[in-house]
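Enquirer: Got a sequence here, can you model it:
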Amino acid sequence: MSLLLLEGFDDGEWDSRWSTFSVATGVGTNDAPIGQSFITDRDVELKWTLPTGSADDTVTVGFWCKLEATIISTAAEGNAPFRYRDGSTIHLNGRVTATGAIAMYRGSTLLGTSDAIFTAGSAVAHYIEIQMTIHDSTGAITIMADNTEVLALTGIDTQNGGAAEINVIEFHEGTDDKTRIQISDIYVTNEVGDSPYNSFLGPLIVETLFPDGNGTDSDFTGSDADSTDNYLHVDESPTHDSDTSYVESTTNTNRDTYTFGALVSTTGALRGIMATAVAKHGGGGDNILMSTRPIATDHDSSAYALTAAYAPVDHVWQISPETSSAWTIAEVNDSEFGIENTS
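Expert: Numbers count the residues shown, from 1 in each chain. Down below sits the predicted model:
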């Protein structure tokens, strides 16, 4: 699989999915195409670690991005909102320049500067895609802005020590002058897999849907001690309510599935579905499978281990497991998603 993350900041779990440092702003209903965006501020670090086994020497990150007001820094080290790491090693960082371009650095070494993208004080947002290959001599960086190539570097040193891979995606603001931005609609891919998932996906909008009805299976027991209308215990928006309402099961193969609201979008290609369950174990070693029922058959993920505290479990289906083709809007609108208990 190469599609690793879809993030719209609308499911209430961003602060569990991302690790943060000194977050002074967070998410809000701002200017994102649909839903919320994250607003960076001084001394903010928003960091996502790729799933185990997904780190790669070539990673592509796409995100909707808007500059806030007229704040464009001229301070080099205090202005690096886009950073890409191997653990503690910062291979690459992208800094917005005073002319609205993105300058890519390996450490403090300038590798290249894109065409101008942003305009200070402009209300115009852009969809940025940055593809990076980490290598000490044959590295590469390509930046797309709204489907247009604005920087292409090849045959360069992009490895700032450490391993030749990226396993951390970071949006960072230093304590000096900064570029205050809104970000949303993020995707991350590595180069493993078939086209188009091994390269640029183009500008995306990430929509978030919540359960709105019972699905085919209602095997779990709700916090009200029955299995009637289980969806009412897992439909909290924008975030879960811990042990106030929940469904649970101690029996392997028990499954709960739910219907969901329709997508706002009525046209366009779908690049993938990321289903999220907020779950914990009850003191045993139970795991869960993420489940979908696009038409008439249940399709389960591999097992995800649970911890003793609630945490989001994310699973990506980049194509429909029932048709082995791209998801269609009609198929998503008719699909059920849920969980299965397993050992």
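
Enquirer: So, low pLDDT: which residues of the stretch 1-150 of the chain?
Expert: Along the stretch 1-150 of the chain, segments meeting pLDDT under 70 span 1, 22-25, 41-43, 68-80, 120-121.

Enquirer: And the strands in it?
Expert: Remark: strands assigned in the stretch 1-150 of the chain by DSSP state E, counting those that start in this stretch are 3-7, 19-21, 26-28, 37-39, 44-49, 58-67, 82-86, 89-96, 102-106, 109-113, 126-133, 139-145, 148-156.

Enquirer: Using TSV, please lay out these together with mean neighbour count and distance to residue 295.
Expert: The way it works is simple: take the backbone N, C-alpha and C, and place the C-beta from them, glycine included. What follows is these, written out as TSV (neighbours: other C-beta atoms under 10 Å; distance: least, C-beta to C-beta, whole Å):
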stretch	mean neighbour count	distance to residue 295
strand 3-7	23	21
strand 19-21	12	38
strand 26-28	17	34
strand 37-39	24	34
strand 44-49	19	32
strand 58-67	23	29
strand 82-86	21	39
strand 89-96	22	42
strand 102-106	22	43
strand 109-113	14	48
strand 126-133	22	32
strand 139-145	22	35
strand 148-156	15	38
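
Enquirer: For residue 333, find the nearest of the ones you listed.
Expert: With C-beta to C-beta as the measure, strand 3-7 is the member of the strands of the stretch 1-150 of the chain nearest residue 333 (17.3 Å).

Enquirer: Sheet-wise, list the partners of that closest one with their directions.
Expert: With DSSP bridges as the test, strand 3-7 is paired with strand 181-190 (antiparallel).

Enquirer: What's the first helix or strand after the strand it pairs with?
Expert: Later in the chain than strand 181-190, the nearest helix or strand by DSSP states H and E is strand 211-218.

Enquirer: Tell me who's in contact with residue 27.
Expert: For residue 27, the contacting residues are 9, 14, 36, 37, 38, 39, by C-beta atoms under 8 Å, 6 or more residues apart in numbering.

Enquirer: From residue 339, how far out is the nearest residue to residue 254 once chain neighbours are set aside?
Expert: Using C-beta to C-beta, 6 or more residues apart in numbering and skipping residues adjacent in sequence, the residue nearest residue 254 is residue 219, 3.8 Å away. Using C-beta to C-beta, to the nearest Å, residue 219 is found at 10 Å from residue 339.

Enquirer: between these two, what contacts are shared?
Expert: Shared contacts of residue 219 and residue 339, defined by C-beta under 8 Å, 6+ apart, comprise 255, 256.

Enquirer: And those two? Which one has more around it.
Expert: The residue with more neighbours, out of residue 219 and residue 339 and counting by other C-beta atoms under 10 Å, is residue 339; that gives 27 against 17.

Enquirer: domain assignment for this structure?
Expert: 3-190, 211-342 (automatic domain parsing).

Enquirer: Could you check those domains and tell me which one is nearest residue 202?
Expert: Residue 202 lies closest to domain 3-190 among the domains of the chain, at 5.7 Å (C-beta to C-beta).

Enquirer: bridging residues for residue 83?
Expert: Bridge pairing for residue 83 - DSSP bridges - gives residue 93, residue 170.

Enquirer: residues in contact with it?
Expert: For residue 83, the contact set (C-beta under 8 Å, 6+ apart) comprises 90, 92, 93, 94, 170, 171, 172.

Enquirer: Determine which stretch of the domains of the chain is the most buried.
Expert: domain 3-190 (a mean of 19; mean count of other C-beta atoms under 10 Å).

Enquirer: could the domains of the chain go into CSV alongside distance to residue 202?
Expert: Below are the domains of the chain laid out as CSV (distance: least, C-beta to C-beta, whole Å):
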stretch, distance to residue 202
domain 3-190, 6
domain 211-342, 8
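
Enquirer: Those: which one's closest to residue 203?
Expert: domain 3-190 (3.6 Å).

Enquirer: First-to-last residue distance for the closest one?
Expert: End-to-end distance for domain 3-190, by C-alpha to C-alpha, to the nearest Å: 7 Å.

Enquirer: Stretch 246-259 now?
Expert: One end of stretch 246-259 to the other measures 17 Å (C-alpha to C-alpha).

Enquirer: hmm, who's touching it?
Expert: Contact with stretch 246-259 is made by 211-223, 230-231, 233-235, 282, 284, 286, 291, 293, 298, 336-343, as judged by C-beta under 8 Å, 6+ apart.

Enquirer: again with stretch 293-304
Expert: Identification of contacts with stretch 293-304 by C-beta under 8 Å, 6+ apart yields 215-217, 255, 257, 287-292, 313, 315, 317, 320-323, 327, 331, 334-338, 340, 342.

Enquirer: If we use 6 Å, what do you get?
Expert: Under the contact criterion C-beta atoms under 6 Å, 6 or more residues apart in numbering, stretch 293-304 has outside partners 257, 287-292, 313, 315, 320-322, 331, 335-336, 340, 342.

Enquirer: Of those residues, which belong to helices?
Expert: residue 331 (DSSP state H).

Enquirer: how near is the closest residue to residue 256 other than its chain neighbours to residue 338?
Expert: Distance criterion C-beta to C-beta, 6+ apart; nearest residue to residue 256, sequence neighbours excluded, is residue 220 at 4.2 Å. Going from residue 220 to residue 338 by C-beta to C-beta gives 9 Å.
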